[in-house]
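Asker: Provide a 3D model corresponding to the input given below.
(chains A, B, C and D)
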Number of protein chains: 2
Amino acid sequence: MEDPLDPLTADLPAAKPGRRGARMSPEARKSDLLARAIEYFSEEGFDGGTRALARRTGITQPLIYRYFPSKEDLINAVYEAVYLSQWKDDWTAQLCDRKVPLPERLTDFYHDYTRTIFNRTWMRIFFFAGLKGLDINTRYINRVISHLLVPICRETRAHLGLPSDGPVTESEIELVWVMHGAIFYQGIREHVYGLPGQIDHDRTAAVAIRMFLAVAETDFPAAMTSPLTEA
Amino acid sequence: MEDPLDPLTADLPAAKPGRRGARMSPEARKSDLLARAIEYFSEEGFDGGTRALARRTGITQPLIYRYFPSKEDLINAVYEAVYLSQWKDDWTAQLCDRKVPLPERLTDFYHDYTRTIFNRTWMRIFFFAGLKGLDINTRYINRVISHLLVPICRETRAHLGLPSDGPVTESEIELVWVMHGAIFYQGIREHVYGLPGQIDHDRTAAVAIRMFLAVAETDFPAAMTSPLTEA
DNA sequence: GCCAGTATTTATCATGTGATAAAGAAAGCA
DNA sequence: TGCTTTCTTTATCACATGATAAATACTGGC
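Answerer: Numbering: from 1, shown residues only, chains lettered A, B, ... in the order given. Predicted coordinates:
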């Protein structure tokens, strides 16, 4: 049930440390509750009840409302902890560091990135939120596009010796989506479908990157002047 | 809210045809209710209430229980209609028809396949079920592996002139997953993330197929003798 | 036109939900 | 020790849920 690879919930005691409701400082209680909520909502979805969450946390249900005014506020705190606070601005910088060859940059980036997002809580909450149409999901995707995919397009142009001044087109982004989707889908298989996770992510990501670079060489020139709208 | 591309829910009247509860034959009522349930659960998930479903269908809530003994039975009927009954055995045959060149077979297959699954109801219910850990999801994935991915592996071997007798390895399947995931991910972007669907699926699938075939040429020989377990 | 059959509704139950108010219990400080 | 603070629980509300039983209203056959 618990994912040892997830830094947000990894250090939680198995079930209940001592007896119920052992008095804690507000900060400790709140952060423990938040970690439990991340774990719990990633299993049950946001329709999971506050009573079951309280039981898991080792407190009574009304106590939740002392630390979070409403269930919605608690859910927002979960988003904040799982997505916003785990995003690294380094990723964009890393992708754009032309002192390193692009294939290596992509390999390094996806190594880092998948280590952040390929865990049960991140993946599952992401899809629970997506299905509910919560804006956090849309905003995250837009961030992926603007901070990761578009830079990759620009770096790919440079890598291929193409003129890099014009705006990045939808067609170029679409090519990057193919690579990105192929890699991301591994996490879906493992954590959403629940397939046994014996995939070598780095190795498979390397394949997807090679695939992308091979096709980009032939397709990017045309994609740059695509009739589709810009991004 | 409604998806004109989904044959299962396409011919539903806008909201309520006449007044509430206009008497219908059991067959007509049941099939209408099922179609509404597919549409409704694909929006709200399986935690959606029976009262809201009844309102959408234009009947009262207890009437649902005349046609389906429990909510669970209704959900099972939804699975049956969306997944089991829409699977085409032709797909495997089509993939294995060596009279046609493999790239063309893959293109044709993914054209058909994505026309079946790239709609709001199919995609969303698939993920609702996956997150709930319902076995229908696992069974479907296993079917995809055995009836689609493994055959593609065998056909790829033949296409490349490799010996095709040994068992298909996990490494080979992993390479096919990269292609399959890249294509499938388009549907996720459109229907789960809710991004505006201006993607040319056939065109992007063609890119993924080319990527796969290019990498397969260099990677399949080694993958065939991978140290990983067989499938 | 009436009556039997059945599709549909109204009324209701037991349970579960998010949330609130008041009572209790543990800690810090004089 | 006693008092104040505040962390935690008990008791409870209003409402929603899946499901059942009885009453109603429509339809077809005679």
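
Asker: Model confidence for the residue nearest to the spatial centre of chain A, exactly?
Answerer: Most central in chain A under Cα atoms, centre = their mean is A:Ile117, positioned 4.1 Å from the mean C-alpha point. pLDDT, A:Ile117: 96.

Asker: Does A:His201 touch A:Thr114 like I think?
Answerer: Yes - at 5.1 Å, A:His201 counts as touching A:Thr114 under the criterion of Cβ atoms under 8 Å. To be clear about C-beta, it is placed using only N, CA and C from the backbone, and glycine gets the same treatment.

Asker: Give the closest residue to the residue nearest to the centre of chain A in space, chain neighbours not counted.
Answerer: Closest residue to A:Ile117 apart from its sequence neighbours, by Cβ to Cβ, 6 or more residues apart in numbering or on different chains: A:Gly187 at 6.3 Å.

Asker: Packing partners of the helix or strand bottoming out on mean pLDDT in chain A?
Answerer: One helix or strand of chain A scores below all others by mean pLDDT, DSSP states H and E: helix A:135-144, with a mean of 91. For helix A:135-144, the packing partners by 3 or more Cβ pairs under 8 Å, 6 or more residues apart in numbering or on different chains; DSSP states H and E come out as helix A:120-132.

Asker: residues touching the residue nearest to the centre of chain A, list them.
Answerer: Contacts were defined as Cβ atoms under 8 Å, 6 or more residues apart in numbering or on different chains; by that measure A:Ile117 touches A:123, A:126, A:187.

Asker: Then A:Leu195?
Answerer: A:189, B:138, B:141.

Asker: Quick check, pLDDT for A:Pro13.
Answerer: The confidence metric pLDDT takes the value 61 at A:Pro13.

Asker: Pull the residues that contact the longest helix anywhere in chain A.
Answerer: Scanning chain A for the helix with the most residues, using DSSP state H, yields helix A:201-224. Applying Cβ under 8 Å, 6+ apart, the contact partners of helix A:201-224 are A:102-103, A:106-107, A:110-111, A:114, A:118, A:156-157, A:159-160, A:162, A:166, A:169, A:171-172, A:174-176, A:178-179, A:182-183, A:186, B:174-175, B:177-178, B:182, B:207, B:210-212, B:214-215, B:219.

Asker: so which of the contacts of A:Ile117 comes closest to A:Gln61?
Answerer: Among the contacts of A:Ile117, A:Phe126 lies closest to A:Gln61 (Cβ to Cβ), at 26.7 Å.

Asker: So that closest one sits against A:Thr138, correct?
Answerer: No - with contacts counted by Cβ under 8 Å, A:Phe126 stays clear of A:Thr138, the gap being 11.6 Å.

Asker: Looking at the two now, which is surrounded by more residues?
Answerer: Neighbours of A:Phe126 and A:Thr138, each counted by other Cβ atoms under 10 Å in any protein chain shown, are more numerous for A:Phe126; the result is 26 against 15.

Asker: List the residues that contact A:Arg105.
Answerer: Shown in contact with A:Arg105 (Cβ under 8 Å, 6+ apart): A:94-95, A:97, A:155.

Asker: Look at it and give its secondary structure.
Answerer: At A:Arg105 the chain is in helix, as set by DSSP: H, G, I helix; E, B strand; the rest coil.

Asker: low pLDDT regions in chain A?
Answerer: Across chain A, the ranges flagged by pLDDT under 70 are A:1-5, A:10-21, A:226-231.

Asker: So stretch A:36-48, near chain B or not?
Answerer: Yes - when contact is scored as Cβ under 8 Å from any Cβ of the partner chain, part of stretch A:36-48 falls within range of chain B: A:45, A:47.

Asker: what does that stretch rub up against?
Answerer: Applying Cβ under 8 Å, 6+ apart, the contact partners of stretch A:36-48 are A:1-2, A:8-9, A:12, A:52-53, A:56-57, A:74-75, A:77-78, A:81-82, A:120-121, A:124-125, A:128-129, A:132, B:45, B:47, B:131-132.

Asker: For chain A, which segments count as helices?
Answerer: With DSSP H as the definition, chain A shows helices at residue ranges A:26-44, A:50-57, A:61-67, A:71-82, A:90-95, A:102-117, A:120-132, A:135-144, A:150-159, A:170-187, A:201-224.

Asker: CSV for these, including distance to DNA strand C?
Answerer: Below are the helices of chain A laid out as CSV (distance: least, Cβ to the nearest atom of the strand, whole Å):
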stretch, distance to DNA strand C
helix A:26-44, 9
helix A:50-57, 4
helix A:61-67, 3
helix A:71-82, 3
helix A:90-95, 35
helix A:102-117, 26
helix A:120-132, 14
helix A:135-144, 18
helix A:150-159, 38
helix A:170-187, 27
helix A:201-224, 34
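
Asker: export those helices to a markdown table and tack on distance to B:Tyr65?
Answerer: As requested, these are arranged in a markdown table below (distance: least, Cβ to Cβ, whole Å):
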| stretch | distance to B:Tyr65 |
| --- | --- |
| helix A:26-44 | 26 |
| helix A:50-57 | 27 |
| helix A:61-67 | 31 |
| helix A:71-82 | 30 |
| helix A:90-95 | 52 |
| helix A:102-117 | 42 |
| helix A:120-132 | 27 |
| helix A:135-144 | 35 |
| helix A:150-159 | 52 |
| helix A:170-187 | 39 |
| helix A:201-224 | 47 |
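
Asker: Out of the ones you listed, which gets nearest to B:Arg23?
Answerer: When those are compared for distance to B:Arg23 using Cβ to Cβ, the nearest one is helix A:120-132, at 35.8 Å.
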